[in-house]
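> Need coordinates for the below:
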Amino acid sequence: MENIISQNNGKVRTVVRLLSGPKERKYLGRYVVEGTRMVREIPDKDLDSIFMTQAYVDKTMNEDFRIRNLVEKAVLRSRCYIVTEPIIRKMSDTRHPQGIIATVNTKNYTVDELLQEGGSTPMFIVLERLQDPGNMGTIIRTAEAAGATGILISYDSVDIYSPKVVRATMGSIFRMKFANTFDIIGDLTKMKNAGIRLYGMHLNGSSIYETDLRQPAAFLIGNEGAGLTNEVSRQVDSLLKIPMKGEVESLNAAASATVIMYETMRQRYADKYNM
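As a prediction, this is how the structure comes out:
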């Protein structure tokens, strides 16, 4: 392990750059993960570097086999560093850093690759101009839990590798497949040509409980305030809504995505999961 004692060290500055914005993360091809729970879930092949304080090493290394395994791999690659407490605070996006930070290699699929993963009845989530990091992270996490095939994300949405999104995924970012797109209309056309039915979430749509969702499907969810653009809305085959009582007009994007994904899961696998 290499010891770093200067806050001006190039490797420290790189981590700070990765926290600064999506352009730096895209340019460097890496993002930052903090804390024992998240670092523990990093796939070996995606790990870039690990930074730890000596106090963290003394407390955790002998107690956590998974962390020790990742550290050993980082050491073999000469990518493991011991840093001071002030440095770990400088490299952290949280108020109380736990003493371990990792950088992880980014990944991005194409819509063609997502379609190859779908099997006979794929379920996709399409996000257009989603801006809230909490919504994005929760949708990624729920998509994994509900067995979604993949997520298509428009280029003007919040960066999936931002620290807040990464934390909100609770590790699902390492396992969920997603594609960022600069041509959402073209990629939606590819989905339709592959036999995927496109559903747009809209207050004037049909009830999700009265719609057969057992066929290949993609659910389109738009901006938190404005919804789907007219251009994207024209691509959908059907509009869907989530019935609501009381005076509530709509749910937030993450809640809507959760309801529709689990209703799809219920319809497709009711017998298997006793739903």
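
> list the buried ones in the helix or strand harbouring L70?
Assigned by DSSP states H and E, L70 belongs to helix 65-76. Buried residues in helix 65-76, counting neighbours by 16 or more other CB atoms under 10 Å, are found at I67, L70, V71, A74. C-beta here means a position set from N, CA and C on the backbone, and glycine is covered the same way.

> now swap in stretch 228-245 and tell me
Buried-residue list, stretch 228-245, by 16+ other CB under 10 Å: L228, V232, Q235, V236, L239, L240, K241, I242.

> got the contact list for that stretch?
With contacts defined as CB atoms under 8 Å, 6 or more residues apart in numbering, stretch 228-245 is touched by 128-129, 184-185, 188-189, 192, 197-209, 211, 219-222, 250-251, 256, 259-260.

> Over to stretch 173-187?
41-43, 46, 104, 108-111, 113-114, 117, 126, 128, 137, 140, 143-144, 148-155, 160-161, 165-166, 169, 231-232, 235.

> From those residues, which land in helices?
Per DSSP state H, helices hold the following members of the contacts of stretch 173-187: 111, 113-114, 117, 137, 140, 143-144, 165-166, 169, 231-232.

> now those in JSON lines, with pLDDT?
Converted to JSON lines, the ones in helices among the contacts of stretch 173-187 look like this (pLDDT from 0 to 100):
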{"residue": "V111", "pLDDT": "95"}
{"residue": "E113", "pLDDT": "94"}
{"residue": "L114", "pLDDT": "94"}
{"residue": "E117", "pLDDT": "81"}
{"residue": "G137", "pLDDT": "97"}
{"residue": "I140", "pLDDT": "97"}
{"residue": "A143", "pLDDT": "97"}
{"residue": "E144", "pLDDT": "97"}
{"residue": "V165", "pLDDT": "97"}
{"residue": "V166", "pLDDT": "97"}
{"residue": "T169", "pLDDT": "97"}
{"residue": "E231", "pLDDT": "94"}
{"residue": "V232", "pLDDT": "94"}
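
> Of those residues, just say which sits nearest to I88.
Of all the ones in helices among the contacts of stretch 173-187, V166 has the smallest distance to I88: 17.2 Å, by CB to CB.

> Give the closest residue to that closest one in space, chain neighbours not counted.
Spatial nearest neighbour of V166, excluding adjacent residues (CB to CB, 6 or more residues apart in numbering): I173 at 5.7 Å.

> Could you look up the SS state of that neighbour?
For I173, the assignment made with DSSP: H, G, I helix; E, B strand; the rest coil gives helix.

> got the contact list for D132?
V158, E224, N252, A253, A254.

> Pick the one among those residues closest to R268.
Nearest to R268 among those, counting by CB to CB, is A254 at 21.3 Å.

> nearest spatial neighbour of that closest one, skipping sequence neighbours?
T138 (3.9 Å).

> Please state the mean pLDDT value computed over the longest helix seen in the chain.
When the chain is parsed with DSSP H, its longest helix is helix 253-273. For helix 253-273, mean pLDDT is 90.

> do the same with stretch 207-226
Here the average pLDDT along stretch 207-226 is 93.

> re the thing from before, of the contacts of stretch 173-187, select the buried ones using a ChimeraX command.
Burial among the contacts of stretch 173-187 is assessed by 16+ other CB under 10 Å; the matching ChimeraX selection reads:
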select :41,42,46,104,109,111,114,126,128,137,140,143,144,148,149,150,151,152,153,154,160,161,165,166,169,232,235
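
> quick one, strands of the stretch 51-200 of the chain?
For the stretch 51-200 of the chain, strands defined by DSSP state E, counting those that start in this stretch occupy the ranges 80-83, 100-105, 123-127, 150-154, 178-181, 197-207.

> Run a quick neighbour tally on I88.
22 (other CB atoms under 10 Å).

> Actually, I100.
By other CB under 10 Å, 25 other residues sit near I100.

> Tell me the spatial nearest neighbour of it, not counting adjacent residues.
Counting by CB to CB, 6+ apart, I100 lies nearest to M52, which is 4.9 Å off, once chain neighbours are set aside.

> do the same with L228
When the adjacent residues along the chain are set aside, L228 lies closest to G222, with 3.5 Å between them (CB to CB, 6+ apart).

> That neighbour: what's it in contact with?
For G222, the contact set (CB under 8 Å, 6+ apart) comprises E128, R129, L130, M201, L228, T229, V232, A253.
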